[in-house]
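> can't give you the sequence, but here's the structure:
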DNA sequence: CCCGGCTCTGTTATCGTTAACCTAAACGGA
DNA sequence: TCCGTTTAGGTTAACGATAACAGAGCCGGG
């Protein structure tokens, strides 16, 4: 017979049914303290039968922990964020924590809302993987100051009590660009940011540095995309940005011979634009991506790109966070930067050119 | 001066500081009851200064609502799930609810865990967008029976008190297949499920029906992929499944002339495999995807696919849920099936063949 | 035989917030 | 002037769970 109860079952309900006090039921549920075997079994039987579920609110309020971690990501469709999340979950699950994800897709305002929602619901800690913003950073600082454990992934924000995990995208961007330069390219485009916007994008800074170090000028017309809204775009639609951006580059009277795209999605858009134009990759235009998403190895030609150890970053962030949650909350910040790896495939290398 | 308090600020702290009772502070915070303007401002000033944040646990426990909705999705990287989430968020945000997302990536076990975590933390309702499973369904039934509002997206599970939103993927699969048949194809492959696994995949059932209705046999060797683990794979790596599956199809001594892929990612994998083999699309092999992800319109050739109104499904699910949360929880289930739309692009149509 | 320690269970208070109830002053119309 | 209504705010008791303490029975060693 099915219960049609509107009100959820509480410890007290079970206690009444099993003829003990709520405290005893609590002891059974938490396997704490002494409970006679017979009592335990009776209680468990009743609990199961009544389909009992603990009230996390009451429990959390009392014990001042929720065994819950919040994570804020900007774009749910981005494989990079997805992979981070996998790493985070891997660690949390093993330690008995539940992960709640909040999306902050469009604005700093949503970022702040996400922080507040999570903090208000008293998650034990927060992992932040969104891009920095003025108001977001301010709120974050307040949170951390008020004692909430926070661990950051690739966010340009520093605080004495917040650990930071990142990939060395400056070097990644540098290496990628150097690879193109080494192949003899002199006119190298970048798709995905406006020159002004790009100050925050490390891989773009790496691109600029590499050009400078090798005596090449930065031609402003070779840096396209962004439209000043790049940061607000849902990630995978950056693919359209790649397509449009590449078309604009191809319309130049002196188009680039190589293009470095902000990420692999952007690169795929660019790739399709190049093919549409009837040009060959890499013979006419070499193409470089970033992130090494699974798709990258299967495009044709396969995409040269930069791999960052994404899952490891997620794992590291989760481990930092748990250390803070379960250990000393005031311990000084720790920082971990993972190296990036250039993955050379066909889109920058003439086939057969290397074995 | 920065507070180094370990303990968060409570209503009582503010009350003491502002020389009122906690109740008055509560009234100020919730804008309920009468509070003198001067008192209000004094309280607000103190609250701001102490950086007060309400304790959602205590509040939720007391008022028996958390103004929070949980959503369970299987694969965070899947643009389909991402788009659903956008629709859901759009509705929830407008109504003042916070969305917490749980990922259930690998197994029915994780599905159950996600349901439990959300229910235990007393979200006001749950939106479920994962595929059906034995144990998941059982747990879901218990939850709904115990009064938790639930709304389902494309899950093959029925309950008198759970609303259901879906796309008519049976018809979508049927139409897609019929389109290929109409183009004269007789050997049409399917990549993405094993024949046995496919009973739950509506679009595959549509494929089978269309073949039957047009007097074509189902050749078992033309149905590839799945490897019996398809359901556990992270979504975007189904792209590899498409690549491998296509290669297997091409190795047949009598390969198909058209291929219907389970989703667009799978289709992109297949597309790359076809190109690698030096064959032309659609002249040598026609290719059909499913979902119409943004990438689909930019591949070369552009992918023919089936579009489902994804965001609308998310919105509808959220609306159903809110109706149940804020209205009558026992109202009978409602169901809404959105039509799918065949999007004909180049991968099934010889260029120039139609104007 | 007594006492210390283990086992089992109950009692009480509390986590932070708010609904419900209550008091009391101020106000305004008859 | 009187009384009902509005305004302002305090008091009490929960919401459901658990930590801390307390007490009662039992066992075994000195």
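Cool, got the structure. The structure presented is a predicted model; accordingly, all values stated were derived computationally and were not measured. Numbers count the residues shown, from 1 in each chain, chains lettered A, B, ... in the order given.
> now the helix or strand containing residue A:274 against helix B:264-276, angle please.
In this structure, residue A:274 sits in helix A:264-276 according to DSSP states H and E. Note on geometry: by axes from the mean of the first three to the mean of the last three Cα atoms, to 10 degrees, helix A:264-276 and helix B:264-276 are set 40 degrees apart in direction.
> show residues contacting helix A:264-276.
A:191-192, A:225, A:235-236, A:238-247, A:250, A:259, A:261, A:281, A:284-285, A:287-293, A:295-296, A:299, A:303, A:305, A:347, B:295, B:298-300 (Cβ atoms under 8 Å, 6 or more residues apart in numbering or on different chains). C-beta coordinates here come from the backbone N, C-alpha and C atoms, glycine included.
> pull out the buried members of those.
A:191-192, A:225, A:235-236, A:238-247, A:250, A:259, A:261, A:281, A:285, A:287-293, A:295-296, A:299, A:303, A:305, A:347, B:295, B:298-300 (16 or more other Cβ atoms under 10 Å in any protein chain shown).
> for the strand or helix carrying residue A:166, packing partners?
Counting by DSSP H and E, the element that carries residue A:166 is strand A:162-167. Counting contacts by 3 or more Cβ pairs under 8 Å, 6 or more residues apart in numbering or on different chains; DSSP states H and E, strand A:162-167 packs against strand A:150-153, helix A:310-326, strand A:335-338.
> possible to save these as CSV with mean pLDDT and mean neighbour count?
As requested, the helices and strands packed on strand A:162-167 are exported to CSV (pLDDT from 0 to 100; neighbours: other Cβ atoms under 10 Å in any protein chain shown):
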stretch, mean pLDDT, mean neighbour count
strand A:150-153, 97, 27
helix A:310-326, 96, 22
strand A:335-338, 96, 15
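> tell me which of those sits nearest to residue B:220.
Among the helices and strands packed on strand A:162-167, the nearest to residue B:220 by Cβ to Cβ is helix A:310-326 (36.9 Å).
> give me the angle between that closest one and strand A:162-167.
170 degrees.
> give me the contacts around helix A:310-326.
A:69, A:80, A:83-92, A:95, A:97, A:124-127, A:129, A:149-154, A:161, A:163, A:165-167, A:291, A:331, A:334, A:336, A:338.
> could you flag which of those residues are buried?
Buried, going by 16+ other Cβ under 10 Å: A:69, A:80, A:83-89, A:91-92, A:97, A:124-127, A:129, A:149-154, A:161, A:163, A:165-167, A:291, A:338, out of those.
> I figured residue A:330 hits residue A:160, correct?
No. Contact criterion Cβ atoms under 8 Å: residue A:330 and residue A:160 do not qualify, at 9.1 Å.
> now the residue minimising distance to the centre of chain A. Nearest residue, chain neighbours left out?
Nearest to the mean C-alpha position of chain A, by Cα atoms, centre = their mean, lies residue A:81 at 3.4 Å. Nearest residue to residue A:81, sequence neighbours excluded (Cβ to Cβ, 6 or more residues apart in numbering or on different chains): residue A:73, at 4.4 Å.
> quick one: pLDDT of the one you found?
Residue A:73 carries a pLDDT value of 95.
> what do you get for residue A:195?
For residue A:195, pLDDT reads 75.
> same question, the one 5 residues further on
Confidence per residue is given as pLDDT, and for residue A:200 that number is 79.
> how about residue A:233?
Looking at residue A:233, its pLDDT is 45.
> then residue A:251?
Note for residue A:251: predicted pLDDT of 94.
> residue A:136 against residue A:111, yeah?
Yes. Residue A:136 is within contact range of residue A:111, at 4.0 Å (criterion: Cβ under 8 Å).
> which residues are common contacts for these two?
In contact with both residue A:136 and residue A:111: residue A:130, using Cβ under 8 Å, 6+ apart.
> contact residues of chain A facing DNA strand C?
A:19-24, A:27, A:33-40, A:58, A:61-62, A:64 (Cβ under 7 Å from any atom of the strand).
> thinking again about what came up before, looking at the buried ones among the contacts of helix A:264-276, which are in helices?
Mapping the buried ones among the contacts of helix A:264-276 onto helices (DSSP state H) picks out A:238, A:239, A:240, A:241, A:242, A:243, A:244, A:245, A:246, A:247, A:250.
> also near chain B: which of the residues you listed, exactly?
Intersecting these with the surroundings of chain B, defined as Cβ under 8 Å from any Cβ of the partner chain, gives A:239, A:240, A:243.
> okay, those residues in JSON lines with distance to residue B:44 next?
Output for these, formatted as JSON lines (distance: Cβ to Cβ, whole Å):
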{"residue": "A:239", "distance to residue B:44": "47"}
{"residue": "A:240", "distance to residue B:44": "46"}
{"residue": "A:243", "distance to residue B:44": "50"}
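> nearest to residue A:50, of those residues?
residue A:239 (51.8 Å).
> gap between the closest one and residue A:289?
Note on residue A:239: its distance to residue A:289, by Cβ to Cβ, to the nearest Å, is 11 Å.
> residue A:201 now?
In terms of Cβ to Cβ, residue A:201 sits 15 Å off from residue A:289.
> can you give me the strands in chain A?
Taking DSSP state E, the strands of chain A run over residues A:68-73, A:98-103, A:125-128, A:150-153, A:162-167, A:188-191, A:223-224, A:258-261, A:286-288, A:305-307, A:335-338, A:341-343.
> turn those strands into JSON lines, columns for distance to residue A:324.
JSON lines is the format used below for the strands of chain A (distance: least, Cβ to Cβ, whole Å):
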{"stretch": "strand A:68-73", "distance to residue A:324": "11"}
{"stretch": "strand A:98-103", "distance to residue A:324": "16"}
{"stretch": "strand A:125-128", "distance to residue A:324": "7"}
{"stretch": "strand A:150-153", "distance to residue A:324": "7"}
{"stretch": "strand A:162-167", "distance to residue A:324": "7"}
{"stretch": "strand A:188-191", "distance to residue A:324": "37"}
{"stretch": "strand A:223-224", "distance to residue A:324": "40"}
{"stretch": "strand A:258-261", "distance to residue A:324": "36"}
{"stretch": "strand A:286-288", "distance to residue A:324": "37"}
{"stretch": "strand A:305-307", "distance to residue A:324": "29"}
{"stretch": "strand A:335-338", "distance to residue A:324": "14"}
{"stretch": "strand A:341-343", "distance to residue A:324": "29"}
